[in-house]
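Trainee: Requesting a structural model of the entry that follows:
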Amino acid sequence: IYLNISSMNNISIHIDSLGPIRNADIDIRPLMIFTGESGLGKSYLACLANYTYALLSKGNGRLMDYFSEVDFSTLLDGKKSGDVIFSITTSDLFNWINRDAIHYIGYMIGNPTIEGKVNISWPFSEDKIDFKYHESLTGLNKNKKTVYRFSSDNFNFNSEERVVSASILTTLIQAEFIKSIDYTPLKFISNYILPPSRGALMEIQEIPTFRSGMFYEFFKLKSDIARPIESPREQDAILTNLLSRINDGTISLTNDNLTYTTHSGHQMPLSAAASSIKELAALALLLPKYNLDDMTLLFEEPEAHLHPSRQQSLADLIGYIVSKGCHLRITTHSDYFIKRINALIKLYPIISQLPAEDGQELLAKHGFNKESLIDTANVIAYNLTRNDNGYTNVSQLKTDAEEGVPFDSFHKVITRYFDLLSDLNDIGNNTNDEE
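Mentor: Below you'll find the model as predicted:
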């Protein structure tokens with residue numbers, strides 16, 4: 001089963017209520033950006049969007065809970081090959097998913113009592129899913145054996161045992177969901193979480209007790225970083241260069257020891273490196289190890305502890321991995337980061353229209369990689385503001401090749417700052433005149 005996550009049929013979500021958020025709508029896109037002041041629910045929305053990917057990710061057991069009241073030990077009683085052994089209506093399944101999305105957000109943010117009501121609209125047209133049981137003989141003469149197969153409408157799950165389980169039916173549902181959003185050959189994905197304050201967790205080996213599930217998920221990411229793989233992916237020179245530029249060096253993991261090496265060759269334990277290096281260490285180790293089009297990321301405040309120039313380099317990295325098929329949900333407070341994202345969006349159509357030599361000259365002059373440019377069709381941005389009733393409004397920001405991602409909230413802060421400077425200068429000038 002294969003999932004090409006670089007182009008997906010639309011999944012949309014309506015939020016009746018979720019924490020402080022009321023009556024809002026969001027669409028799932030490869031690159032999702034959430035901005036706004038603290039405390040308005042950016043992480044809630046990012047987690048909600050991430051839930052759709054969590055349902056589709058390999059090894060995720062959330063859908064198994066849907067079958068918690070099913071007695072699987074009796075499903076095959078009296079059944080013969082070709083019989084339907086279980087059926088579910090999609091309306092019942094999606095109602096459960098809508099409720100489970102709230103539980104997931106509560107788990108992620110560490111608030112199991114959170115209340116909310118959402119409706120996730122999947123491009124899934126079938127009214128029900130029938131699960132069938134099949135058996136057949138394979139092999140010749142003495143090597144014959146019975147193979148058991150469980151199927152949904154479009155997919156099969158082969159088993160050597162005549163046993164059906166929640167895991168089998170969950171895998172088939174995931175495959176049907178993936179098919180409904182993307183009609184190329186399908187595959188499962190890996191969904192990773194980069195929570196706030198992640199840098200401080202890099203040196204910790206044992207998992208502490210957390211209230212927030214984000215941090216438990218982060219340790220799963222760390223486990224995948226440390227896990228040996230049979231066939232390392234081919235080195236990506238552009239990715240290596242982008243990571244090296246952001247970190248001003250390289251990060252390595254050898255025998256559970258994390259090491260940072262500067263461009264000048266000076267080595268030190270990661271614990272001795274700057275906070276900016278620690279914050280991005282997990283990302284720097286993860287991205288080169290696995291196929292970018294196999295993974296999605298929830299990335300909270302990627303700009304944390306980064307100098308503005310490195311925030312811009314990080315935006316270039318984000319643009320590059322999105323172009324390679326990785327999907328991201330990002331929360332940010334950084335106008336430097338947003339401005340660079342805007343430049344990547346604006347350059348995309350310009351470079352495609354210029355002669356190749358002129359385009360390359362323009363990119364080189366301003367320090368851009370062509371591969372980091374962002375197609376506006378792949379990005380969507382939302383700004384959160386507090387209304388007069390104390391609730392949060394969610395506004396989709398117009399993103400196009402002319403304007404990029406608007407950053408009105410940052411502009412208002414800057415305007416207020418310059419108004420203050422003007423008043424202070426006026427007061428200072430008047431004081432000097434009086435003297």
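Trainee: For the residue nearest to Thr138 when sequence neighbours are not counted, give me the backbone phi and psi.
Mentor: Nearest residue to Thr138 in three dimensions, chain neighbours excluded: Val147, at 5.3 Å (CB to CB, 6 or more residues apart in numbering). C-betas here are computed from N, CA, C, even on glycine. Torsion angles at Val147 (phi, psi; degrees, to the nearest 10) stand at phi -110, psi 130.
Trainee: With the one 4 residues further on instead?
Mentor: According to degrees, to the nearest 10, the main-chain angles of Ser151 amount to phi -130, psi 150.
Trainee: Against Phe155, how distant is the closest residue to it other than its chain neighbours?
Mentor: Nearest residue to Ser151 in three dimensions, chain neighbours excluded: Lys132, at 4.9 Å (CB to CB, 6+ apart). Look at Lys132 and Phe155: by CB to CB, to the nearest Å, they are 11 Å apart.
Trainee: same thing with Ala237?
Mentor: In terms of CB to CB, Ala237 sits 37 Å off from Phe155.
Trainee: Now the host helix or strand of Leu298 - C-alpha only, CSV.
Mentor: Taking DSSP states H and E as the criterion, Leu298 maps to strand 295-300. Listed next in CSV are the C-alpha coordinates belonging to strand 295-300 (Å, rounded to 0.1, in the frame of the first residue of the first chain):
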residue,chain,number,x,y,z
MET,A,295,6.7,11.5,6.5
THR,A,296,4.6,14.3,7.8
LEU,A,297,5.4,16.7,10.7
LEU,A,298,3.6,18.7,13.3
PHE,A,299,6.2,21.5,14.0
GLU,A,300,5.5,23.8,16.9
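Trainee: Three-state assignment for the closest residue to Val84 other than its chain neighbours, please.
Mentor: Nearest non-adjacent residue to Val84, counting by CB to CB, 6+ apart: Asp130, 4.9 Å away. Assigned with DSSP: H, G, I helix; E, B strand; the rest coil, Asp130 falls in the strand class.
Trainee: ditto for His305
Mentor: Quick answer, by three-state DSSP: His305 is coil.
Trainee: Check the spacing between the most centrally placed residue in the chain and Arg198 real quick.
Mentor: Centroid-nearest residue in the chain: Leu297, 2.9 Å away (criterion: CA atoms, centre = their mean). Note on Leu297: its distance to Arg198, by CB to CB, is 12 Å.
Trainee: Equivalent analysis for Arg22, please.
Mentor: 31 Å.
Trainee: and if you look at His266?
Mentor: Counting by CB to CB - His266 and Arg198 are separated by 24 Å.
Trainee: what stretches of this structure score poorly on pLDDT?
Mentor: Scanning the chain for pLDDT under 70 picks out 1-9, 183-188, 399-435.
Trainee: quick one: the helices in it?
Mentor: Ranges of helices in the chain, per DSSP state H, are 42-56, 90-109, 166-181, 213-226, 237-247, 275-286, 308-323, 335-353, 356-366, 408-434.
Trainee: most tightly surrounded among those?
Mentor: helix 42-56 (a mean of 24; mean count of other CB atoms under 10 Å).
Trainee: Can I get that one in PDB? Just the C-alpha atoms.
Mentor: In PDB, the C-alpha atoms belonging to helix 42-56 read as follows (Å, rounded to 0.1, in the frame of the first residue of the first chain):
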ATOM      1  CA  LYS A  42      -3.100  27.600  17.400                       C
ATOM      2  CA  SER A  43      -1.900  24.300  18.800                       C
ATOM      3  CA  TYR A  44      -5.500  23.100  19.000                       C
ATOM      4  CA  LEU A  45      -5.900  23.600  15.300                       C
ATOM      5  CA  ALA A  46      -2.500  22.200  14.400                       C
ATOM      6  CA  CYS A  47      -3.300  19.100  16.400                       C
ATOM      7  CA  LEU A  48      -6.700  18.800  14.800                       C
ATOM      8  CA  ALA A  49      -5.100  18.900  11.400                       C
ATOM      9  CA  ASN A  50      -2.500  16.500  12.500                       C
ATOM     10  CA  TYR A  51      -5.200  14.000  13.600                       C
ATOM     11  CA  THR A  52      -6.100  13.300  10.000                       C
ATOM     12  CA  TYR A  53      -2.500  12.300   9.300                       C
ATOM     13  CA  ALA A  54      -2.300  10.300  12.600                       C
ATOM     14  CA  LEU A  55      -5.200   8.200  11.400                       C
ATOM     15  CA  LEU A  56      -3.300   7.300   8.200                       C
END
